[in-house]
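Visitor: predicted model, plus sequence, below.
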Amino acid sequence: MHDVLFQPLKMGALEAKNRIFMAPLTRGRAADPMFTPNELMGTYYEQRAGAGMILTEATGISVEGLGWPSAPGIWSDEQTEAWKPIVKRVHDAGGLIVMQLWHMGRIVHPYFLGGEAPVSASATKAPGEAHTPEGKSEYATAREMTLEDIERTIGDYRRAAENAKKAGFDGVQLHGANGYLIDQFLRDNSNLRTDDYGGSPENRTRFMREVLEAIIDVWGADRVGIRLSPNGDSQGADDSDPAAIFGAASQVCQDLGLAFVELRQPGPDGTFGRTDVPQQDAVIRANYKGPLILNSDYSAAQADGDVSSGRCEAVSFGRPYISNPDLEKRIAAGAEFNPNKDVPKSWYFPIPQGYVDYPTLEEEQASAA
């Protein structure tokens, strides 16, 4: 069943055993000490090693760039060492694992920065409230990054990429989506700059390009990918001409020869869906000729259809992989998916429940027998 999803896929130097990928999922388990991975996370990722490729949860590249309670980082030696056994467990289970590199930009609350303002493309403020260990709190107005800040941050990305390589990952993915720092530079309502990093679509992709070039210098383009979200408002970041900016961004991906591009592409009924914003994967496809991965709100049948038609080369599943550690086996068997324990505490609170306690299909069948 769904045979096309079980064909291998080569993406540069990365070789996926199937086309059912695990999407990046923030899970908030790096609790003690904060931002350092732990053994519980190793169990979680090992359980899901049957995915064609695991894209890790968004992982902070610096103190300045990480503002989510108990999310992991990759800027320190301690964090790098803590990731090593996690990666080994996935590899020993036959899995492929790629680290997603994350800077949240203006979405970092001053709580995490000793009271200092976060940084962004421009002095703008995200709508809504941030999650902090002390509860929800309104976002702050960001400080516009100077040219020195930009150079320093590119260096932070480079160091994080180097650390991911030391930890044994198979590659890295730049988080360029969902209204975080890269996306804040891309969109014209969050990038108000008048220098070489603002204005035209080509200028607004400059920061993304320079970050990618630094990462590629560490890894080679054949082990580097990116995630983009070319569909309307994302945490307050939006653009007056999405086709122009994401056309320019996809041309950068093509010019640099990225191994893959993943698109956060929610449908109108999805969690972040917008009925008034067209799907933009065709804009990306017009320029970027490498493997395209689509994500969000897919059923197995829809994934089969989009891969079969050539709309994409693979589909990354997010929330279904929370409650189905062997999702690919369930799809192969035509089995029902486990429902999520739809409680935010189980998604993000640093406990085993709702994280590593979901049964596999084999365990379910044995229990029923």
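Guide: That came in fine, so what should we check first? Numbers count the residues shown, from 1 in each chain.

Visitor: where does the nearest residue to Ala140 once chain neighbours are set aside land on pLDDT?
Guide: Spatial nearest neighbour of Ala140, excluding adjacent residues (CB to CB, 6 or more residues apart in numbering): Pro110 at 5.1 Å. Glycine gets a C-beta too; all of them are placed from N, C-alpha and C. Here, the pLDDT recorded for Pro110 equals 96.

Visitor: pretty sure Pro110 sits against Tyr139.
Guide: No: if you go by CB atoms under 8 Å, Pro110 and Tyr139 don't touch, sitting 9.1 Å apart.

Visitor: neighbour count winner among those two?
Guide: Tyr139 (21 against 16; other CB atoms under 10 Å).

Visitor: my guess is the more buried one contacts Thr124, does it?
Guide: No: with contact defined as CB under 8 Å, Tyr139 does not reach Thr124; the gap is 9.8 Å.

Visitor: just the helices in the stretch 1-150 of the chain please.
Guide: For the stretch 1-150 of the chain, the helices defined by DSSP state H, counting those that start in this stretch cover 39-47, 77-92, 147-166.

Visitor: JSON lines for those, including mean pLDDT and distance to Arg319?
Guide: Output for these, formatted as JSON lines (pLDDT from 0 to 100; distance: least, CB to CB, whole Å):
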{"stretch": "helix 39-47", "mean pLDDT": "98", "distance to Arg319": "14"}
{"stretch": "helix 77-92", "mean pLDDT": "98", "distance to Arg319": "20"}
{"stretch": "helix 147-166", "mean pLDDT": "98", "distance to Arg319": "25"}
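
Visitor: list the contacts of the residue nearest to Ala140.
Guide: By CB atoms under 8 Å, 6 or more residues apart in numbering, the contact list for Pro110 reads 116-118, 140.

Visitor: how much space between it and Ser190?
Guide: According to CB to CB, to the nearest Å, Pro110 and Ser190 sit 18 Å apart.

Visitor: residues touching Thr59, list them.
Guide: With contact set as CB under 8 Å, 6+ apart, Thr59 has these partners: 71-74, 99-102, 160.

Visitor: by neighbour count, which of those wins?
Guide: Neighbour max across these (other CB under 10 Å) = Trp102, 32 neighbours.

Visitor: wait, that one sits on Glu64?
Guide: No: if you go by CB under 8 Å, Trp102 and Glu64 don't touch, sitting 11.7 Å apart.

Visitor: helices and strands of the protein: which one bottoms out on pLDDT?
Guide: helix 344-348 (a mean of 74; mean pLDDT, DSSP states H and E).

Visitor: I'd like the next helix or strand past that helix.
Guide: helix 361-368 (DSSP states H and E).

Visitor: show me what counts as buried in that following helix.
Guide: Residues of helix 361-368 classed as buried: 361, 364 (neighbour count, 16 or more other CB atoms under 10 Å).

Visitor: show the average pLDDT along that helix.
Guide: Mean per-residue pLDDT for helix 361-368: 88.

Visitor: ok, residues contacting that helix?
Guide: 326, 329-330, 333, 335, 338, 359.

Visitor: can you tell me which of those residues are buried?
Guide: Buried residues within those, counting neighbours by 16+ other CB under 10 Å: 326, 330, 335, 338.

Visitor: ok, so of those residues, who is nearest Asp92?
Guide: Relative to Asp92, the closest of those is Asp326; by CB to CB it sits at 16.6 Å.

Visitor: I figured the closest one hits Thr360, correct?
Guide: Yes: here Asp326 lies in contact with Thr360, judged by CB under 8 Å, at a distance of 4.4 Å.

Visitor: spit out the residues that contact the two alike.
Guide: Common neighbours of Asp326 and Thr360 (criterion: CB under 8 Å, 6+ apart): Gln47.
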